[in-house]
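Visitor: dropping a prediction and its sequence here:
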Amino acid sequence: MNRIFLNVSVGRNLTISLVLLLIVVVTSATLLFAVVIHHSDKKELEHKGDELINNIVKSIEFPIWNFDIEAANKICEAYFLSEYVCELVIYEAYTDRVIIDKKRFDKEDKKRELFFIEAPIYHNNVSIASVRIGLTTRFAQDRLINIFYSYLVTSVVITLILVLMTSYLLKIFLKTPFNNLIQGMERVSQGTYAYNFDNAPREKEFSAIVSRFKEMACKIQKREESLSRAKNYISVVFDSMDFMIISVDQALKLTHCNKAAEHYTGSSMSEATGEAFVEIFPEFVEIYESIWNAVDRRISHTGLRVSFENSGEMNSFSISILPISFEGEDGAVIKIQDITEDVRLEEIMIQTEKMISVGGLAAGMAHEINNPLAGILQNMQVIENRTTMTNLPANIDAARTCGTDISVVVEYMNARSIPELFKSVKEAGSRAARIVENMLSFSRKSNSGFIECNIESIVNDTLELASNDYDLKKKYDFKNIHIIREFQENLPSVPCDGIKIQQVLFNIFKNGAQVMVENDIAETPPCFKIYVSAVEQSSQIEIRIEDNGPGMDEETRKHIFEPFFTTKPVGVGTGLGLSVSYFIITENHGGTMKVESSPGNGAAFIIRLPLQQIKAHGG
């Protein structure tokens with residue numbers, strides 16, 4: 001029975017139930033009516049039989065008593081004409097000899113049982129014979145069958161009428177309202193939570209369903225809005241992070257990544273999802289084993305660092321890897337943070353600390369070296385005057401006292417190249433004095449000489465000064481170097497010490513020119529590109545000087561601003577030029593100075609000066 005009601009509509013179930021109920025009721029009623037009719041017909045047949053046999057007994061009493069068999073037979077013939085009588089037998093009372101025996105059976109009577117009634121025949125209270133009649137039940141049964149068929153046809157017609165009426169009424173009061181309700185539910189399931197169910201039925205039961213469904217839709221809407229807000233908030237937080245967040249599954253394939261990762265790879269999350277980690281981030285292949293350990297062995301990794309060269313620049317990344325498990329699936333989340341700038345700032349801080357240390361040392365050294373150095377140079381000048389000048393009276397008198405002539409002494413000195421030695425000593429002393437002067441620059445932190453300067457004029461003046469730089473030994477002439485200038489219009493003035501800034505720029509131009517000329521390649525003649533622009537975000541002026549020289553490796557770049565660090569041969573250069581320049585920019589002017597370079601890609605010195613005068617760092 002249950003199978004009948006599976007996967008069918010409520011209307012059909014109700015219709016089937018109604019039909020089955022009608023069949024049971026009609027069948028029960030028909031059977032009950034048949035029993036009643038059968039019982040009534042049986043009673044009527046008994047009554048008819050009793051009446052008939054009483055009449056026969058009265059009619060043939062005297063013919064049987066008088067042995068008038070012929071008369072009795074005629075009387076029996078008359079009664080035998082009745083359609084109910086199929087058998088009529090008269091036999092003597094004591095001998096049971098059959099006197100009259102009449103039988104009539106058609107095919108229908110033979111199929112049915114006969115109803116027999118027997119009665120004695122008395123004459124003067126003496127039993128003289130017995131009569132037995134057999135009545136057919138065919139008419140009662142035919143009547144019962146006709147009534148049954150009538151009831152059956154009537155029941156079928158009524159059932160069909162009821163079914164049609166029920167279907168029609170169900171369509172009006174159930175199917176159509178339900179369809180309207182289902183349409184509204186579908187609208188709600190599609191996200192239209194504010195749907196008003198305008199076509200919904202107004203009956204009490206349906207109204208209750210609609211009311212409860214509206215309440216449910218309202219709760220779902222609020223819950224989804226809350227989840228959506230939470231998801232959007234998490235997504236905003238996730239995507240606002242300036243470091244990369246990547247999640248992978250057990251196969252180390254990407255399942256999610258934030259905007260920083262999309263920006264780094266140039267691929268959207270939809271494009272990257274499902275791809276292997278090493279295919280999207282091949283430069284981080286060395287952490288592949290660590291990711292696998294996080295996924296397979298649930299081991300966390302923090303503080304990992306990966307460095308590699310990209311576009312001629314060394315990039316550094318800090319990496320953390322944590323195992324995760326979601327809905328029974330193991331994976332890992334990877335945090336990759338670009339710390340290239342942090343590493344550079346760290347290097348700058350180390351460099352600054354070195355500068356400060358050298359500054360403290362330089363102040364003490366300067367006084368200790370300057371006094372004896374001044375004495376050496378002064379005495380060297382006196383020796384030169386007393387041995388090479390022939391017109392000094394004191395020299396002439398001293399020579400005569402010694403029995404010689406001053407000209408002879410001078411001739412001897414020249415013959416032994418003593419003047420050249422004097423010159424070398426003086427040059428060495430002057431060089432030492434310049435070194436001390438540069439060292440003293442580390443301890444001078446006053447900005448009292450700052451004035452508003454035009455950086456464009458300072459750059460042009462420095463280039464004009466550098467154009468006069470000519471070194472026969474190194475075979476270079478600054479005038480042969482191509483200069484490209486790109487200056488932003490309407491640049492603001494900068495509070496600075498123009499002479500010091502010019503010293504810094506001249507040092508960069510001179511070093512770059514020497515390196516480019518020493519490594520000159522015919523296809524790429526020496527060239528400087530100079531960019532000056534305002535950095536609005538930090539209220540600074542940026543000076544960027546690029547050359548097309550051989551560049552420098554990472555180790556050289558890290559130490560380029562250290563005092564006494566030089567790549568030149570011993571005796572050529574002091575190694576203080578760039579360190580002094582760095583100190584002038586960072587300590588004296590509160591700016592920044594860095595270099596970007598890689599082998600074969602030239603070098604770029606980037607100087608930033610604040611647009612507002614700062615207080616001296618010390619001194």
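Guide: Looks like it came in fine.

Visitor: quick one: the residue nearest in space to the middle of the chain from Phe528, how far?
Guide: Geometric centre of the chain, nearest residue: His256, 4.8 Å, by Cα atoms, centre = their mean. According to Cβ to Cβ, to the nearest Å, His256 stands 47 Å off from Phe528. Any C-beta I mention is one placed from the backbone N, CA and C, and that applies to glycine too.

Visitor: one step back: quick check: bridge partners of the residue nearest to the centre of the chain?
Guide: Under the criterion DSSP bridges, His256 forms beta bridges with Ser247.

Visitor: so where's the stretch 451-600 of the chain shaky on pLDDT?
Guide: For the stretch 451-600 of the chain, the stretches flagged by pLDDT under 70 are 468-477, 520-523, 564, 567-576.

Visitor: how about 50 then?
Guide: 472-473, 522, 570-571 (pLDDT under 50).

Visitor: which other residues reach stretch 48-61?
Guide: 71-72, 75-76, 79, 82, 84-85, 88, 90, 115, 117-123, 128, 131, 133, 135 (Cβ atoms under 8 Å, 6 or more residues apart in numbering).

Visitor: in the protein, where's the longest strand?
Guide: Using DSSP state E to define each element, the chain has its longest strand at strand 313-326.

Visitor: tell me the first helix or strand C-terminal of the lengthiest helix in the chain.
Guide: The single longest helix within the chain, with elements called by DSSP state H, is helix 10-65. Next along the chain after helix 10-65, taking DSSP states H and E as the criterion, comes helix 69-80.

Visitor: how far does that next one sit from the chain's center?
Guide: Its chain's C-alpha centre lies 114 Å from the corresponding centre of helix 69-80 when counted by Cα atoms, centre = their mean, to the nearest Å.

Visitor: next: stretch 131-139.
Guide: Distance, centroid of stretch 131-139 to centroid of chain: 97 Å (Cα atoms, centre = their mean).

Visitor: also stretch 138-151?
Guide: Distance, stretch centre to chain centre, for stretch 138-151: 81 Å (Cα atoms, centre = their mean).

Visitor: now it: buried residues?
Guide: Residues 138, 140-141, 144, 151 are the ones in stretch 138-151 that count as buried (16 or more other Cβ atoms under 10 Å).

Visitor: out of the residues you listed, which are inside helices?
Guide: If you go by DSSP H, those have 138, 140-141, 144, 151 in helices.

Visitor: shaky segments in this protein?
Guide: 1, 4-5, 442, 446, 472-473, 522, 570-571, 616-619.

Visitor: what does the domain assignment say about it?
Guide: As assigned by automatic domain parsing, the chain contains the domains 2-158, 241-338, 340-443, 447-619.

Visitor: rewinding a little: so what does the longest strand of the chain touch, helix or strand wise?
Guide: With contacts taken as 3 or more Cβ pairs under 8 Å, 6 or more residues apart in numbering; DSSP states H and E, strand 313-326 sits against helix 288-297, strand 301-310, strand 329-338, helix 340-388.

Visitor: so which strand or helix has Ala432?
Guide: Using DSSP H and E, the element containing Ala432 is helix 418-441.

Visitor: next SSE after that helix?
Guide: Following helix 418-441 in sequence order, the next helix or strand is strand 451-453 (DSSP H and E).
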